[in-house]
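Q: Predicted model and sequence follow; I will ask about them next.
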Amino acid sequence: MADITDIAKQFTTYYYSTFDNNRALLENLYRPESMLTWEGDRIQSAALISKKLVDLPLGNVRHEVTTLDAQPSSPTVASLIVSVTGLLVVDQEQNPLQFSQIFHLIPDGGSYYVLNDIFRLNYG
(Lines give C-alpha, C1' and ligand atoms only; values in the text may rest on other atoms or scores of the structure.)
Protein backbone atom coordinates (compact mmCIF):
# COMPACT_ATOMS: atom_id res chain seq x y z
CA MET A 1 0.00 0.00 0.00
CA ALA A 2 1.20 3.49 -0.79
CA ASP A 3 2.10 5.84 2.03
CA ILE A 4 -1.07 7.57 3.28
CA THR A 5 0.61 10.98 3.34
CA ASP A 6 1.49 10.56 -0.34
CA ILE A 7 -2.10 9.54 -1.13
CA ALA A 8 -3.41 12.55 0.82
CA LYS A 9 -1.04 14.92 -1.02
CA GLN A 10 -2.00 13.52 -4.42
CA PHE A 11 -5.69 13.73 -3.59
CA THR A 12 -5.61 17.29 -2.22
CA THR A 13 -3.44 18.53 -5.10
CA TYR A 14 -5.99 17.15 -7.56
CA TYR A 15 -9.01 18.29 -5.53
CA TYR A 16 -7.92 21.90 -5.05
CA SER A 17 -6.61 22.27 -8.60
CA THR A 18 -9.95 21.00 -9.92
CA PHE A 19 -11.91 23.20 -7.47
CA ASP A 20 -9.94 26.26 -8.56
CA ASN A 21 -10.33 25.57 -12.30
CA ASN A 22 -13.57 23.63 -12.92
CA ARG A 23 -15.64 22.75 -9.83
CA ALA A 24 -18.17 20.73 -11.87
CA LEU A 25 -15.54 18.02 -12.36
CA LEU A 26 -15.46 17.36 -8.60
CA GLU A 27 -18.74 15.44 -8.85
CA ASN A 28 -16.72 12.38 -9.93
CA LEU A 29 -15.04 12.29 -6.50
CA TYR A 30 -18.34 11.82 -4.65
CA ARG A 31 -20.96 9.03 -4.53
CA PRO A 32 -24.73 8.99 -3.80
CA GLU A 33 -23.99 8.29 -0.12
CA SER A 34 -21.35 11.06 0.17
CA MET A 35 -22.00 14.00 2.47
CA LEU A 36 -20.62 17.53 2.43
CA THR A 37 -20.97 19.96 5.32
CA TRP A 38 -20.13 23.44 4.01
CA GLU A 39 -20.19 26.09 6.72
CA GLY A 40 -22.80 24.06 8.63
CA ASP A 41 -24.97 23.35 5.58
CA ARG A 42 -25.27 19.55 5.08
CA ILE A 43 -25.69 18.19 1.56
CA GLN A 44 -25.86 14.53 0.52
CA SER A 45 -25.28 12.92 -2.91
CA ALA A 46 -22.72 13.58 -5.60
CA ALA A 47 -25.15 15.60 -7.74
CA LEU A 48 -26.25 17.92 -4.92
CA ILE A 49 -22.69 18.35 -3.64
CA SER A 50 -21.54 19.28 -7.14
CA LYS A 51 -24.41 21.78 -7.48
CA LYS A 52 -23.49 23.37 -4.13
CA LEU A 53 -19.82 23.71 -5.09
CA VAL A 54 -20.56 25.07 -8.57
CA ASP A 55 -23.09 27.57 -7.23
CA LEU A 56 -20.79 29.02 -4.54
CA PRO A 57 -20.42 32.80 -5.04
CA LEU A 58 -16.65 32.68 -4.98
CA GLY A 59 -15.59 33.86 -8.43
CA ASN A 60 -11.95 33.06 -9.16
CA VAL A 61 -10.34 31.15 -6.29
CA ARG A 62 -6.97 29.67 -5.44
CA HIS A 63 -6.35 27.30 -2.54
CA GLU A 64 -2.97 27.39 -0.80
CA VAL A 65 -2.51 24.40 1.50
CA THR A 66 -0.68 25.25 4.72
CA THR A 67 -0.93 21.96 6.61
CA LEU A 68 -1.96 18.46 5.63
CA ASP A 69 -2.32 15.51 8.00
CA ALA A 70 -3.58 12.01 7.24
CA GLN A 71 -4.47 8.95 9.30
CA PRO A 72 -5.85 5.53 8.45
CA SER A 73 -9.53 5.36 9.39
CA SER A 74 -10.09 1.62 9.52
CA PRO A 75 -8.03 -1.42 10.54
CA THR A 76 -9.61 -3.49 7.74
CA VAL A 77 -10.09 -1.07 4.81
CA ALA A 78 -7.47 1.23 3.31
CA SER A 79 -9.59 4.31 4.01
CA LEU A 80 -8.16 7.50 5.43
CA ILE A 81 -8.99 10.80 7.11
CA VAL A 82 -7.31 13.87 5.65
CA SER A 83 -7.20 17.19 7.51
CA VAL A 84 -6.22 20.33 5.61
CA THR A 85 -5.72 23.94 6.64
CA GLY A 86 -4.86 26.72 4.28
CA LEU A 87 -5.61 30.01 2.61
CA LEU A 88 -8.39 30.68 0.13
CA VAL A 89 -7.56 33.55 -2.19
CA VAL A 90 -10.78 34.89 -3.77
CA ASP A 91 -10.70 37.21 -6.81
CA GLN A 92 -7.08 38.24 -6.14
CA GLU A 93 -8.02 39.79 -2.77
CA GLN A 94 -5.10 41.05 -0.69
CA ASN A 95 -6.42 39.30 2.45
CA PRO A 96 -6.96 35.58 1.85
CA LEU A 97 -9.49 33.67 3.95
CA GLN A 98 -8.27 30.92 6.27
CA PHE A 99 -10.01 27.57 5.89
CA SER A 100 -9.99 24.05 7.27
CA GLN A 101 -11.31 20.97 5.52
CA ILE A 102 -11.56 17.31 6.44
CA PHE A 103 -12.01 14.49 3.94
CA HIS A 104 -12.88 10.84 4.66
CA LEU A 105 -11.55 8.92 1.66
CA ILE A 106 -12.73 5.41 0.78
CA PRO A 107 -10.87 3.12 -1.65
CA ASP A 108 -12.65 2.55 -4.95
CA GLY A 109 -10.80 0.39 -7.42
CA GLY A 110 -7.40 2.00 -7.92
CA SER A 111 -8.42 5.36 -6.48
CA TYR A 112 -10.51 6.92 -3.71
CA TYR A 113 -13.84 8.67 -3.38
CA VAL A 114 -14.97 11.20 -0.77
CA LEU A 115 -17.48 9.76 1.70
CA ASN A 116 -17.39 12.77 4.06
CA ASP A 117 -16.22 16.33 3.45
CA ILE A 118 -16.38 19.08 6.08
CA PHE A 119 -15.40 22.65 5.18
CA ARG A 120 -15.14 25.71 7.43
CA LEU A 121 -13.76 29.19 7.04
CA ASN A 122 -11.71 30.13 10.11
CA TYR A 123 -12.38 33.63 11.33
CA GLY A 124 -9.88 35.18 13.76
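A: Okay, I see it. Here the structure is a predicted model, which means the values were calculated and not measured. Numbering: from 1, shown residues only.
Q: Pull out the buried positions in the longest helix belonging to the chain.
A: Counting by DSSP state H, the longest helix found in the chain is helix 4-21. For helix 4-21, burial by neighbour count (16 or more other C-beta atoms under 10 Å) applies to 4, 7-8, 11-12, 15-16, 18-19. Any C-beta I mention is one placed from the backbone N, CA and C, and that applies to glycine too.
Q: try stretch 113-124
A: Neighbour-count burial for stretch 113-124, counted by 16+ other C-beta under 10 Å, picks out 113-119.
Q: cool, and stretch 96-108?
A: Of all the residues in stretch 96-108, those buried under the rule 16+ other C-beta under 10 Å are 96, 99, 101, 103-106.
Q: which of those sit farthest apart?
A: Spatially, the most separated pair among these is Pro96 and Ile106, at 30.6 Å (C-beta to C-beta).
Q: Present the buried residues of stretch 96-108 as a markdown table; the columns should include pLDDT.
A: Shown next, in a markdown table, are these (pLDDT from 0 to 100):
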| residue | pLDDT |
| --- | --- |
| Pro96 | 93 |
| Phe99 | 98 |
| Gln101 | 98 |
| Phe103 | 98 |
| His104 | 98 |
| Leu105 | 98 |
| Ile106 | 97 |
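Q: List the backbone torsions phi and psi for Ser45.
A: Per-residue torsions, Ser45: phi 110, psi 150 (degrees, to the nearest 10).
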